[in-house]
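In: Quick one, fold the following:
(one chain, ligands or ions: 1)
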Amino acid sequence: MNKNMSTTKCFNCLLLLSLIILICGGCVKQPKSYESPYERSADSLLALMTLDEKLGQMTQMCFSTITLDGSKTLDLNVENFRDAILNYHVGSFLSGSDSAQRWVDFITDIQEIAVNETRLGIPLIIGIDHVHGANYVFEGTILPHNLTLGCSFDENVARMAAKVTAIETAPLGLHWNFTPVLDVGKNASWPRLYETFSEDPLVCGIMGATFVDTYENLPDIAPVKLAACGKHFIGYSDPKYGYDRAPADIPMQVMYEHFVPSFKKAIDAGLKTMMVNSGEVNGVPVHRSARLLDTMLRQELGFRGVILTDIKDIDRLVDMHKNAPDFKTATLVSVQAGIDMYMACNAYEFITVMKDLIKEGEITEERIDESVKRILKLKFELGLFDNPFPDGSKTEQIGSVEHRDMAQKMAEKSIVLLQNDGILPLKPGKKVLITGFAAHSKKMINGAWTYDWQGIKEDMQPADMNTLYEAFKNEIDSNNVFLHPSKGIRNEKEKETFITATKDVDVLIVTIGEEPYSEFEGNLNDLTLEQSQLNLLDAALSTGKPVVAVIIAGRPRVFTKQADQCHAILFAGHPGTRGTEALVNIITGKVTPSGKLSFSYPLAPGHVIPYYIKHAEYSIYWRPDTARKFLFPFGHGLSYNEFLYSNLILSDTVITSRNQTITATIEIKNMDSGQADEIALWFIRDRVGETFTRPVKMLQHFERHSIPGGIKMKAAFEIIPEKHLSYPDERGNMILENGMFDVVIDGKKATFELKL
Ligand code: BGC
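Out: Predicted structure coming up:
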């Protein structure tokens with residue numbers, strides 16, 4: 001079939017029908033006003049639709065319902081697909097994993113049927129979890145996971161990551177990416193911590209909003225667009241005891257102060273779609289919470305886009321939360337709360353019960369129209385009606401050398417040097433032994449959501465990627481690189497073999513951490529590093545040779561006793577396809593490390609994160625100031641260069657009106673030779689909170705500076721009272737209290753007064 005012809009056919013018929021509607025509508029009604037031509041087009045199309053067609057648009061199915069063996073691999077079961085699209089009028093699908101060419105072919109095939117064989121020719125919108133690059137495309141560039149990216153404290157890194165992802169996603173006909181995760185990583189045990197950027201709301205907001213803006217406005221993928229999907233609204237990331245989807249109890253003041261800001265920033269950046277939190281907050285599953293989905297999201301935060309459920313979560317109101325007696329009630333309350341599209345995945349019950357609910361007058365067709373109009377508007381905005389087919393000519397950039405180089409840059413800016421007694425950078429000529437669970441594995445480096453939900457098996461990982469061992473061999477004299485792959489030490493014999501392997505080497509590089517997991521599969525009772533890995537570290541330390549620990553993990557696994565003895569420690573998280581080259585470049589000094597921890601590394605399992613503890617906690621439990629608070633605190637990160645901060649100056653010491661600002665400046669000098677990056681982290685301490693108690697400090701501004709060797713530069717932060725000094729109450733109203741505030745940077749502080 002000629003694709004251009006079919007598109008034109010569909011578009012012309014739409015135009016004609018719209019004209020008829022417009023003329024007929026004009027006889028009886030006042031012309032409506034529309035905020036955009038997309039809304040007008042959506043409205044015109046909506047007027048032509050039957051109830052069945054509308055309900056189909058509100059339904060999203062998994063590709064596994066229309067593939068031959070129900071797997072993620074893209075072999076179309078045409079009969080099942082025709083059933084989905086002709087009988088149920090399904091408007092959206094998700095998931096799948098295959099090569100770029102197979103994606104192009106598959107989506108071309110299904111869009112042809114959608115556009116040419118259905119009454120109105122409405123194109124499908126396909127959702128995908130490209131959460132660290134195009135991770136469901138076999139040739140895709142696998143980027144570092146978000147927690148690693150967050151450690152770059154760099155908007156440009158987020159922009160680069162979003163750009164690579166968009167360019168490797170949209171040409172395949174995938175126009176809806178289920179990222180960015182805007183959840184604030186407050187709970188170190190939560191198995192999705194690595195999907196968040198940080199424990200800090202500002203970092204999550206800035207990185208997340210940059211993703212949204214880049215996806216949705218990237219000229220490189222024109223004429224189509226990629227919709228971002230903020231997730232998971234809201235309060236998902238602090239479940240009790242850290243289990244995924246466990247209930248969360250979050251006071252509303254905390255909700256507004258810590259969880260709302262990242263979502264708000266993304267919405268302000270134009271976020272087109274939002275996915276709902278699968279958990280329950282304060283006793284109410286979020287999928288049925290009108291308080292959160294309607295009052296907060298729609299009315300207070302002004303979100304106008306599409307609200308998508310998470311997978312099968314209407315069913316879970318019945319099966320999991322036991323908060324609705326049956327699926328019909330669950331559907332009713334979710335739709336009443338505000339969901340627009342159900343990620344039903346593999347059953348059509350949503351459509352049938354919705355028809356009953358409408359027939360019985362429980363849900364009005366006007367309510368359905370609101371949702372369907374949003375969905376159609378999204379499809380128009382993304383350019384799907386004009387360009388429903390993948391653009392096979394634009395796929396050559398997928399996995400390109402340029403993108404892989406960019407992936408390496410991202411990792412290099414994100415990896416954090418946590419400890420170093422001077423062993424790093426490694427002197428040339430040293431013999432190194434690479435050991436531990438990730439020494440010779442790609443799977444551990446890439447982590448979960450790589451070609452498969454839990455990460456694909458080792459032999460299917462990217463062929464042209466290097467393990468850490470291989471990357472070392474490529475970079476330094478390969479005769480000096482030795483491998484002892486080991487998941488840890490479980491007995492004396494394994495210890496002996498290991499000790500023997502260390503005999504002729506100078507330095508031990510020990511990878512420690514976690515195998516890939518996603519969602520509840522990663523639930524954990526104890527953050528302590530696995531005993532066999534602790535044994536490996538102990539054995540390595542017992543040799544008396546320098547030990548460099550490299551942490552490959554989705555969350556901070558605790559190993560305080562051993563950490564204290566390591567000569568150097570690096571945090572890499574899951575750094576992606578080129579993460580091993582980035583690590584080698586940092587270890588050998590080719591690249592100066594510049595990442596800083598975007599989360600607090602606890603001293604003990606169950607120990608406190610995040611860093612923004614309250615004054616009371618600080619004064620009762622944490623004093624004196626010299627007491628050790630974290631294994632490594634939020635914002636900690638070493639460089640091979642020394643940076644000297646001095647001369648913290650405020651442009652004024654009193655603010656007397658809301659419009660007045662104060663500029664804080666500080667000088668940062670690169671004390672060594674060679675250009676290096678330094679991230680300036682500006683905190684504000686509200687000394688007294690009268691309405692609500694305040695945290696000891698909150699990050700209010702951050703900036704990465706690249707400073708030439710020996711040069712001093714000036715960093716600045718403009719303090720705007722309403723933006724940086726206020727905080728929300730339990731209804732989200734902002735409170736601005738007079739009093740004393742400290743600006744804190746690199747342990748230095750300057751004080752000013754707000755006196756309105
Ligand atoms: C996850 C979402 C994801 C969705 C679709 C769910 O299990 O919670 O983050 O986008 O699956 O794959």
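In: mind listing the helices for the stretch 1-150 of the chain?
Out: Along the stretch 1-150 of the chain, counting by DSSP state H, counting those that start in this stretch, helices occupy 3-28, 37-46, 51-57, 78-82, 100-117, 146-150.
In: So for the fourth one, what gets flagged as buried?
Out: I take that to be helix 78-82. 80, 81 (16 or more other CB atoms under 10 Å). No exception for glycine: its C-beta is placed from N, CA and C like everyone else's.
In: Can you give the contact residues for that helix?
Out: 65, 66, 110, 113, 117 (CB atoms under 8 Å, 6 or more residues apart in numbering).
In: out of the residues you listed, which are buried?
Out: Among the contacts of helix 78-82, those that count as buried by neighbour count (16+ other CB under 10 Å) are 65, 66, 110, 113.
In: weakest of the helices of the stretch 1-150 of the chain by average pLDDT?
Out: The weakest mean pLDDT among those belongs to helix 3-28, with a mean of 44.
In: Could you list the low-pLDDT ranges of this protein?
Out: When residues are selected by pLDDT under 70, those of the chain lie in 1-31, 621-626.
In: how far away is residue 574 from residue 711?
Out: Separation of residue 574 from residue 711 (CB to CB, to the nearest Å): 35 Å.
In: what's the offset of stretch 657-667 from the middle of its chain?
Out: 32 Å (CA atoms, centre = their mean, to the nearest Å).
In: And for it, what's in contact with it?
Out: 645-653, 655, 680, 682, 712-722, 736, 743, 745-746, 748, 750, 752, 756.
In: With stretch 245-259 instead?
Out: 183-184, 186, 201, 234-240, 278-283, 320, 519-520, 612, 692, 727-732.
In: Point me to the residue of this protein nearest the ligand.
Out: residue 178 (3.8 Å; CB to the nearest ligand atom).
In: Name all residues that make contact with the residue positioned nearest the centre of the chain.
Out: Taking CA atoms, centre = their mean, the centroid of the chain lies closest to residue 181, which sits 3.4 Å from it. Contacts for residue 181 (CB under 8 Å, 6+ apart) come out as 131, 146, 192, 195, 196, 197, 208, 231, 232.
In: If we check the ligand, which of those are in contact?
Out: Intersecting the contacts of residue 181 with the contacts of the ligand gives residue 231 (criterion: CB under 6 Å from any ligand atom).
In: Which of the contacts of residue 181 fall in helices?
Out: Using DSSP state H, 146, 208 are the members of those that sit in helices.
In: Quick one: name the residues of the chain near the ligand.
Out: 94, 95, 129, 178, 231, 278, 310, 311, 519.
In: Repeat the analysis, applying 5 Å as the threshold.
Out: 129, 178, 310, 311 (CB under 5 Å from any ligand atom).
In: Residue 92 is in contact with residue 63, correct?
Out: No: judged on CB atoms under 8 Å, residue 63 makes no contact with residue 92 at a distance of 10.9 Å.
In: returning to that earlier point: so which of the contacts of stretch 657-667 belong to strands?
Out: Those of the contacts of stretch 657-667 mapping onto strands are 645-650, 655, 680, 682, 712-719, 743, 745, 748, 750, 752, per DSSP state E.
In: Type out the ChimeraX command that picks the buried ones from the residues you listed.
Out: Isolation of the buried members of those (16+ other CB under 10 Å) is achieved in ChimeraX through the command below:
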select :645,648,650,655,680,682,715,717,719,743,745,750,752
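In: in the stretch 451-600 of the chain, which spans are helices?
Out: Counting by DSSP H, counting those that start in this stretch, the helices of the stretch 451-600 of the chain are 468-475, 492-502, 531-542, 560-563, 579-588.
In: residue boundaries of the strands in the stretch 301-450 of the chain?
Out: 306-308, 342-345, 416-420, 432-436 (DSSP state E, counting those that start in this stretch).
In: Next, format those strands as a markdown table and append mean neighbour count and distance to residue 135.
Out: What follows is the strands of the stretch 301-450 of the chain, written out as a markdown table (neighbours: other CB atoms under 10 Å; distance: least, CB to CB, whole Å):
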| stretch | mean neighbour count | distance to residue 135 |
| --- | --- | --- |
| strand 306-308 | 25 | 20 |
| strand 342-345 | 24 | 19 |
| strand 416-420 | 22 | 23 |
| strand 432-436 | 26 | 24 |
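In: Can you tell me which of these is nearest to residue 370?
Out: strand 306-308 (10.7 Å; CB to CB).
In: Just name whatever secondary elements that closest one is in contact with.
Out: For strand 306-308, the elements it packs on are strand 273-276, helix 365-381, judged by 3 or more CB pairs under 8 Å, 6 or more residues apart in numbering; DSSP states H and E.
In: Off-centre distance for the longest one?
Out: To tie it back to what came earlier, the one meant is helix 365-381. Taking CA atoms, centre = their mean, one finds helix 365-381 lying 27 Å from the centre of the chain it belongs to.
In: go on, the shortest one?
Out: Centroid displacement of strand 273-276 relative to its chain, using CA atoms, centre = their mean, is 13 Å.
In: for it, packing partners?
Out: strand 227-233, strand 306-308.
In: so which of the ones you listed gets nearest residue 616?
Out: Of these, nearest to residue 616 by CB to CB is strand 227-233, at 30.3 Å.
In: quick one on the thing from earlier: which of the residues of the chain next to the ligand tops the neighbour count?
Out: residue 178 (23 neighbours; other CB atoms under 10 Å).
In: Now do the contacts for it.
Out: Contacts of residue 178 by CB under 8 Å, 6+ apart are 94, 127, 128, 129, 130, 131, 229, 231, 275.
In: Equivalent analysis for residue 172, please.
Out: 100, 103, 104, 107, 137, 390, 395, 398.
In: so can I have CSV of the residues you listed showing neighbour count?
Out: Listed next are those as CSV, based on neighbours: other CB atoms under 10 Å:
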residue, neighbour count
100, 21
103, 29
104, 22
107, 23
137, 27
390, 26
395, 20
398, 24
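In: tell me the two of those residues that are most distant?
Out: Within the contacts of residue 172, two members stand farthest from each other by CB to CB: 107 and 398, at 14.1 Å.
In: re the thing from before, can you lay out the residues of the chain next to the ligand as JSON lines showing distance to residue 122?
Out: As requested, the residues of the chain next to the ligand are exported to JSON lines (distance: CB to CB, whole Å):
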{"residue": "129", "distance to residue 122": "24"}
{"residue": "178", "distance to residue 122": "21"}
{"residue": "310", "distance to residue 122": "24"}
{"residue": "311", "distance to residue 122": "23"}
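In: Inside helices: which ones of these?
Out: Among these, no member falls in helices (DSSP H).
In: Tell me the one of those nearest residue 702?
Out: residue 178 (26.6 Å).
In: give me the element residue 164 is part of.
Out: If you go by DSSP states H and E, residue 164 is part of helix 155-167.
In: Output the contacting helices and strands for that helix.
Out: helix 146-150, helix 201-217, helix 401-414.
In: Okay, buried residues for the second one please.
Out: By neighbour count, with 16+ other CB under 10 Å as the criterion, the buried positions of helix 201-217 are 201-216.
In: pull the CA atoms of stretch 737-749 into PDB?
Out: Extracted in PDB, the C-alpha atoms of stretch 737-749 (Å, rounded to 0.1, in the frame of the first residue of the first chain):
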ATOM      1  CA  GLU A 737       7.900  34.200  57.000                       C
ATOM      2  CA  ASN A 738      10.100  37.000  58.200                       C
ATOM      3  CA  GLY A 739      13.300  36.000  59.900                       C
ATOM      4  CA  MET A 740      16.900  35.100  59.500                       C
ATOM      5  CA  PHE A 741      18.200  32.900  56.700                       C
ATOM      6  CA  ASP A 742      21.700  31.500  55.900                       C
ATOM      7  CA  VAL A 743      23.100  30.900  52.400                       C
ATOM      8  CA  VAL A 744      25.300  27.900  52.700                       C
ATOM      9  CA  ILE A 745      27.900  26.800  50.100                       C
ATOM     10  CA  ASP A 746      30.900  24.500  50.600                       C
ATOM     11  CA  GLY A 747      30.500  24.700  54.400                       C
ATOM     12  CA  LYS A 748      30.600  28.600  54.300                       C
ATOM     13  CA  LYS A 749      27.600  30.600  55.300                       C
END
